[in-house]
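Novice: Below is the structure, and that's it, no one-letter string:
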C-alpha cells in the first residue's frame, strides 16, 4: 500500500474539537488506501507556556532539561489524537521520537536529524495501525537524552519520516490553504500557487515566507519528497488540493517570477572609511561568525584614493545591538571613522526559476521601484532570486509594485 505522512501544526490541534477534525482528515486518507503516519505539533500556545515555565524555574536552566520539558507538548497531542482515532474505529498508537527512534545530534534546542529507523513503524503499518508521531523531538543515541529540533521542527520531523518510510508524499496541514504569490494581507490579489519548485520554496522560506520551516524544505529537496501545503480547516470531506512543492521538471509552465517575499527582520550596519588593507573583511566578519550572527547583504565601496572603503551589510534585527557591540570591541583591529546603523529597513525579494533563462529581470524591477520613489539601499542576487533592501515605510508599495510588474495579479 502507498504511504502518506500528514503533519498538523499547533493551530490545527489547538483544542480537542480541532483534534477531532484532524482525525477526520486522517480517516479520509486511510479510506483512500494509504498507510498513514501523522506528525503533530503541540497545541497552540503550549510550547510558549512550557518555555515560560523553564525560565520561571531558573534563569540558567540546562538546555537538556529544557528539551525534556518543551517536548512534552507534542507528547500530549499525539496521545490525544490516537485516542480520538481509536474512538472513531481506526487502529492507532502514539509514538515519541525516542521510541522510533529518531536519532539526532546533541545540540539541545536545535538538534539535527541524523538517522531514522523505520522498522518499528513498518511493523505498525503491517498491523493496520495509524502511527501518530510527536514532532519536534528525537534522541541523542550516545547520551540517551531527549532532544528538540528548534521552532518549526515538526515540519522537519514530518519530511524526514516521509523520506525514511518511502512515503508517496508529505502533506503539511496549516492554517492557510497553500503557498501564495505573496502575503494576501499585503496584496489582496495574491494567488494560491498550484506548484512550486523545491528551490523556489527554499528561497521563499528563507526570505520571509512563514509557511514552511527552511530545514524541512532542504530535506524535501535532498530526498525528493513531494510536499503539499494544505489547510486543516477545510471540510475533511471536500478538502482543497493545496500547493505541491516538487521537482522543477514536474512543473509544465513556469512563470519568470513565482513569488514576492519580504522580511522585516533586518538591520543594516555601515562602517565608514575603513582602512582598506588585506584581511580587513576577515577582521570584520570573523567575530560576527564566531558569535553565530548571520550576515546577508554585503556592499563594499572603495574610495577614489584606494585608501579607505565603506562596508555595508545586513544582520537579523534581533542581533543588531550585539553585532554593533562586537564591532565596536574590534576598534583596535578594524580602523574606521564611525559605525552607522538602521533597523527601519525591509528586505523585499523576487523568486523564480524562470530567471535562469531571462535577462534583465532585476533591472526591470529597479526601474519600477525608482518610478515609485523607492530608494534601494542594497542589492543581492542569486541564480533564481534577487533581493533589495529598502526603507520599511515603503514595504507594501514595493511588494505591490513587483507583484503587478511580473503579472502575478493575473489569474
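Specialist: That came through, no problem. On a predicted model such as this, the values are computed, not experimentally measured, just so you know. Numbering: from 1, shown residues only.
Novice: contacts and neighbour counts: CA atoms only from here.
Specialist: OK.
Novice: Which strands or helices does the one helix or strand residue 66 maps to pack on?
Specialist: In this assignment (DSSP states H and E), residue 66 forms part of helix 63-70. Applying 3 or more Cα pairs under 8 Å, 6 or more residues apart in numbering; DSSP states H and E, we find helix 63-70 packed against helix 46-57, strand 145-148.
Novice: Now do the buried residues in the longest one.
Specialist: Right, the one you point to is helix 46-57. Across helix 46-57, burial judged by 16 or more other Cα atoms under 10 Å covers 46-47, 50, 54.
Novice: could I get the residues you listed as a markdown table with distance to residue 91?
Specialist: Formatted as a markdown table, the buried residues of helix 46-57 follow (distance: Cα to Cα, whole Å):
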| residue | distance to residue 91 |
| --- | --- |
| 46 | 27 |
| 47 | 28 |
| 50 | 30 |
| 54 | 36 |
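Novice: Low-confidence ranges, the stretch 151-300 of the chain, go.
Specialist: For the stretch 151-300 of the chain, the stretches with pLDDT under 70 are 253.
Novice: distance of residue 337 from residue 310?
Specialist: Per Cα to Cα, to the nearest Å, residue 337 is found 10 Å from residue 310.
Novice: what do you get for residue 228?
Specialist: 45 Å.
Novice: Please say which of the two ends up with more neighbours.
Specialist: Higher neighbour count among residue 228 and residue 310: residue 228, with 24 against 18, using other Cα atoms under 10 Å.
Novice: and that one, helix, strand or coil?
Specialist: At residue 228 the chain is in strand, as set by DSSP: H, G, I helix; E, B strand; the rest coil.
Novice: so it makes contact with residue 244?
Specialist: Yes: proximity of residue 228 to residue 244 meets the contact threshold set by Cα atoms under 8 Å, at 4.4 Å.
Novice: re the thing from before, downstream neighbour of the helix holding residue 66 in the secondary structure list?
Specialist: Per DSSP H and E, the helix or strand that comes after helix 63-70 is helix 72-87.
Novice: Helices of the stretch 101-250 of the chain, residue ranges please.
Specialist: 119-126, 153-165, 198-206, 214-223 (DSSP state H, counting those that start in this stretch).
Novice: Please identify every residue contacting each of residue 337 and residue 310.
Specialist: 271-274 (Cα atoms under 8 Å, 6 or more residues apart in numbering).
Novice: In helices only, show me the residues you listed.
Specialist: Judged by DSSP state H, helices contain none of those.
Novice: list the contacts for residue 232?
Specialist: Contacts of residue 232 by Cα under 8 Å, 6+ apart are 8, 12, 21-22, 25, 173-175.
Novice: tell me the two of the residues you listed that are most distant?
Specialist: 25 and 175 (14.1 Å; Cα to Cα).
Novice: between those two, which one's more packed in?
Specialist: Taking other Cα under 10 Å, residue 25 and residue 175 do not tie; residue 25 has more neighbours (21 against 17).
Novice: Which of the contacts of residue 232 are buried, as a PyMOL select command?
Specialist: The following PyMOL line selects those of the contacts of residue 232 that are buried, judged by 16+ other Cα under 10 Å:
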select buried, resi 8+12+21+22+25+173+174+175
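Novice: Specify which member of the contacts of residue 232 is nearest to residue 36.
Specialist: The closest of these to residue 36 turns out to be residue 25 (Cα to Cα; 10.9 Å).
Novice: before we move on, the earlier item: format the contacts of residue 232 as CSV; extra columns: distance to residue 38.
Specialist: Shown next, in CSV, are those (distance: Cα to Cα, whole Å):
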residue, distance to residue 38
8, 8
12, 13
21, 13
22, 10
25, 10
173, 11
174, 13
175, 17
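Novice: you'd agree residue 311 is up against residue 270?
Specialist: Yes: counting by Cα under 8 Å, residue 311 does reach residue 270; the two are 5.6 Å apart.
Novice: about what we covered before: in strands only, show me the contacts of residue 232.
Specialist: 8, 173-174 (DSSP state E).
Novice: Run a quick neighbour tally on the residue nearest to residue 107 when sequence neighbours are not counted.
Specialist: Of all residues not flanking residue 107 in the chain, residue 147 sits nearest, at 7.6 Å (Cα to Cα, 6 or more residues apart in numbering). Around residue 147 there are 33 other residues, counting by other Cα under 10 Å.
Novice: contacting residues around residue 291?
Specialist: Counting by Cα under 8 Å, 6+ apart, residue 291 has no contacts.
Novice: got the buried residues for stretch 37-47?
Specialist: 37-44, 46-47.
Novice: what would those residues look like in a markdown table with secondary structure, pLDDT and distance to residue 16?
Specialist: A markdown table is the format used below for the buried residues of stretch 37-47 (DSSP: H, G, I helix; E, B strand; the rest coil; pLDDT from 0 to 100; distance: Cα to Cα, whole Å):
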| residue | secondary structure | pLDDT | distance to residue 16 |
| --- | --- | --- | --- |
| 37 | strand | 98 | 19 |
| 38 | strand | 98 | 16 |
| 39 | strand | 98 | 16 |
| 40 | strand | 98 | 13 |
| 41 | coil | 96 | 14 |
| 42 | coil | 96 | 12 |
| 43 | coil | 96 | 9 |
| 44 | coil | 94 | 12 |
| 46 | helix | 95 | 14 |
| 47 | helix | 94 | 17 |
